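1. Turn this into a model:
(2 chains)
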Amino acid sequence: MPKTQYVGEINRGWDVAKYLLGHEREMISGGGAGGDMVSIGGAFAKAFGKNAAGELDDPILRAEMAAFDVDVFAYRAMGERFMDMWKTGRAHPASSNMMKYVGTELNKRRHELVMSGGGSEALEWDSEETKGGARARGWLRTKANSIEGGTSEVMLNVIAKRILDLPGA
Amino acid sequence: MPLYHNDDQAMLKDSVAPFVAEQAPVSHLRQLRDSADATGFSRDLWAQFTEMGLPGMLVPEAHGGLGMGHMEAGIVLEEVGRNLTPSPFLSTSVGAVAALAKAGGTQAGRWLPAIASGEAIIALAIDEGAKHRPDRIATTATRAGNGFRLDGKKSFVLHGHVADMSIVAAKTDGGITLFAVPKDAKGVTADPRRLVDSSLASHVTLDGVEVDADAVIGEVDAGGDILDALLAATRTGAAAEMVGVGQGAMDMTVNYLKERKQFGRLIGEFQGLQHRAAHLYGEMEVARATVMKAQQLLDEGSEGAKLMVSVAKAKAGRAANLAVREGVQMHGGIGMTDEYDIGLYMKRDRALAEFMGDVHYHIDQVARMNGY
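-> Have a look, this model is predicted:
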């Protein structure tokens, strides 16, 4: 390699790598907010039908979806606060690790609920009606979210060490 | 508006945080508890709150207050939570003020200045059973003479036995109406009960209580919107206080992990505890952001506030509950003793979580607001 082709400074490569990882973590954590799906229970209510009280007609699934919705609305507020603080230099430099951990765990939970909500239809792997098993394939893909760009366990290690300042981490 | 405190809010926090920590730390709660205090809070401390202008923070300037918002009130409540300070601030200065300011009229003119000057303590008589069900109010207000006659039973009325006035939600012919019921009204009995967190909440009986027509807060049958304003403010405030309780418990616990040695090692070195502490950190950060968002939307008068208030009460409830449970567990055996403060955090959290709708109630509300 020619001498000139290094990024940043000699012996400071880890600074650049951490910066890039921070961005990768932010990108992956974005899935936690759920994109166009405003409310998972709202999205499934039509398919399930409602009981006389107007509730999604599967009480335990409804409860799990509602608890999940709370966490998603909360995570969106967190995303807004994180970006506001990040842009103005107020955020802890390691806070992207927390965003990545919370966001990816949330996205995995979302797809578990999508599979539960979809029932046996969501199991179909290559049918036209399921757009080639989009739900099943999407569900399996999310399992990598908490592995790629640093596992959840690594994120927790970083939070413990750099934010909570716990010993020996 | 960015979702962090602006310079004025940061200054407020810088003056309120040391004030509460110095004047009303956890030892203040212990002192009230151990002396079997019958009021439920310290009037001397309330006088100090008044010197700082805190009771009238949310009171409009025209009524002698500071005209601040829920974001500012939340700063005070977080410190009240962090120090487990017994205080009528949430009921009086947040819940009652929200209702009176929304309603305007005679009762607003009568009580808002008295709240701002620290003279009036107000109780919120909403609940009627063990669980918060504001859509099923059974207390009745029937027209009698020039006014109304109130009959019913209220529960979980914080400061109900000492309040100068109670805001009573009752059913009228065409809806819900709120009434300002003064302390000395005939037929009102407040039976205070000591709760697990050492606070005092009353069972209030209204037995043929006669009030004048001008005791109505706002308009007859139109109390629904005013009650909604009261509930949104109080729930958001309780959520802010829970963020303080959770943060206080978490900070205490993380510090303990850095001090306590077991088998020759600091227990904070063990990955099993590190991961749980780091997970808790994430939950507390998310809860804090959520509560700020609810405060911001309320202050803006946004339509989305109602949803976010329920999200905040539920999320802060879950996060603070995790903080106090992990706190006791990570403190080990001493976490079960009265000598250490961590158990007091668990007790306060439980009471705050129940106040104005628990986690389950608000999760259900979120489902309803999203059409399922």
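
2. Now do the strands in the stretch 251-372 of chain B.
-> Counting by DSSP state E, counting those that start in this stretch, the stretch 251-372 of chain B has these strands, from start to end: B:261-262, B:265-266.

3. Just send the ones you listed back as CSV, with mean neighbour count too.
-> For glycine as for every other residue, the C-beta is placed from the backbone atoms N, C-alpha and C. Listed next are those as CSV, based on neighbours: other CB atoms under 10 Å in any protein chain shown:
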stretch, mean neighbour count
strand B:261-262, 10
strand B:265-266, 14
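
4. in stretch B:84-101, what's buried?
-> B:84-101 (16 or more other CB atoms under 10 Å in any protein chain shown).

5. out of the strands of the stretch 251-372 of chain B, which comes closest to B:Ile342?
-> Among the strands of the stretch 251-372 of chain B, the nearest to B:Ile342 by CB to CB is strand B:261-262 (17.2 Å).

6. For the closest one, give me every contacting residue.
-> The contact list for strand B:261-262, computed with CB atoms under 8 Å, 6 or more residues apart in numbering or on different chains, reads B:Ile267.

7. rerun that using 10 Å as the cut-off
-> For strand B:261-262, contacts defined as CB atoms under 10 Å, 6 or more residues apart in numbering or on different chains pick out B:Ile267, B:Gly268, B:Glu269, B:Phe270, B:Gly332.

8. how deep is the residue in the stretch 101-250 of chain B positioned nearest to chain A tucked in, by neighbour count?
-> Among all residues of the stretch 101-250 of chain B, B:Met250 sits closest to chain A, at 9.1 Å; criterion: CB to the nearest CB. Look at B:Met250: counted by other CB atoms under 10 Å in any protein chain shown, it has 25 neighbours.

9. ditto for B:Gln247
-> 20.

10. now swap in A:Ala52 and tell me
-> For A:Ala52, using other CB under 10 Å, the count is 6.

11. What of A:Leu61?
-> 16.

12. In what element of secondary structure is it found?
-> helix A:59-87 (DSSP states H and E).

13. how about the strand or helix carrying A:Met115 against chain B, any contact?
-> According to DSSP H and E, A:Met115 maps onto helix A:95-118. Yes: residues of helix A:95-118 contacting chain B under CB under 10 Å from any CB of the partner chain: A:Ser95, A:Asn97, A:Met98, A:Met99, A:Lys100, A:Tyr101, A:Val102, A:Gly103, A:Glu105, A:Leu106.

14. can you pick the most crowded of these?
-> A:Lys100 (31 neighbours).

15. Could you report the pLDDT at that residue?
-> Per-residue pLDDT puts A:Lys100 at 97.

16. With B:Gly371 instead?
-> 95.

17. pretty sure it is touching A:Lys50, no?
-> Yes: in this structure, B:Gly371 is within contact of A:Lys50 by CB atoms under 10 Å, at 8.9 Å.

18. Verify the stated contact: B:Gly147 with B:Ala141.
-> Yes: counting by CB under 10 Å, B:Gly147 does reach B:Ala141; the two are 9.2 Å apart.

19. can you list residues touching both of those two?
-> The contact lists of B:Gly147 and B:Ala141 share B:Phe179, B:Val211, B:Ala215, B:Val216, where a contact means CB under 10 Å, 6+ apart.

20. Where in the chain is the helix or strand with the lowest mean pLDDT?
-> Chain wasn't specified; assuming chain A. helix A:13-29 (a mean of 63; mean pLDDT, DSSP states H and E).

21. other chain: chain B
-> strand B:261-262 (a mean of 94).

22. roughly how far out does it sit from the chain middle?
-> Relative to the centre of its chain, strand B:261-262 is centred 38 Å away, using CA atoms, centre = their mean, to the nearest Å.

23. is it true that A:Glu165 touches B:Lys258?
-> Wrong residue type there; residue A:165 is Asp, not Glu. Yes: here A:Asp165 reaches B:Lys258: they are 7.6 Å apart, a contact under CB under 10 Å.

24. in its sheet, what does the least confident helix or strand of chain B sit against?
-> strand B:265-266 (antiparallel) (DSSP bridges).

25. Could you confirm A:Glu128 falls within a helix?
-> No: per DSSP: H, G, I helix; E, B strand; the rest coil, A:Glu128 lies outside any helix segment and is coil.

26. measure it to chain B for me?
-> 28 Å (CB to the nearest CB, to the nearest Å).

27. coming back round to it: for ChimeraX, what selects the buried ones among the shared contacts of B:Gly147 and B:Ala141?
-> Selecting only the buried entries of those in ChimeraX, with 16+ other CB under 10 Å as the criterion:
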select /B:179,211,215,216
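
28. Which pair of the shared contacts of B:Gly147 and B:Ala141 spans the longest distance?
-> The most distant members of the shared contacts of B:Gly147 and B:Ala141, if one measures by CB to CB, are B:Val211 and B:Val216, lying 8.3 Å apart.

29. between the two, what contacts are shared?
-> B:Ala141, B:Gly147, B:Phe148, B:Phe179, B:Ala180.

30. what's the strand or helix carrying the third one packed up against?
-> Here B:Phe148 is covered by strand B:147-158, with elements defined by DSSP H and E. The elements that strand B:147-158 packs onto, with contact taken as 3 or more CB pairs under 10 Å, 6 or more residues apart in numbering or on different chains; DSSP states H and E, are strand B:122-125, strand B:140-144, strand B:165-172, strand B:175-182, strand B:188-194, strand B:200-212, helix B:342-354.
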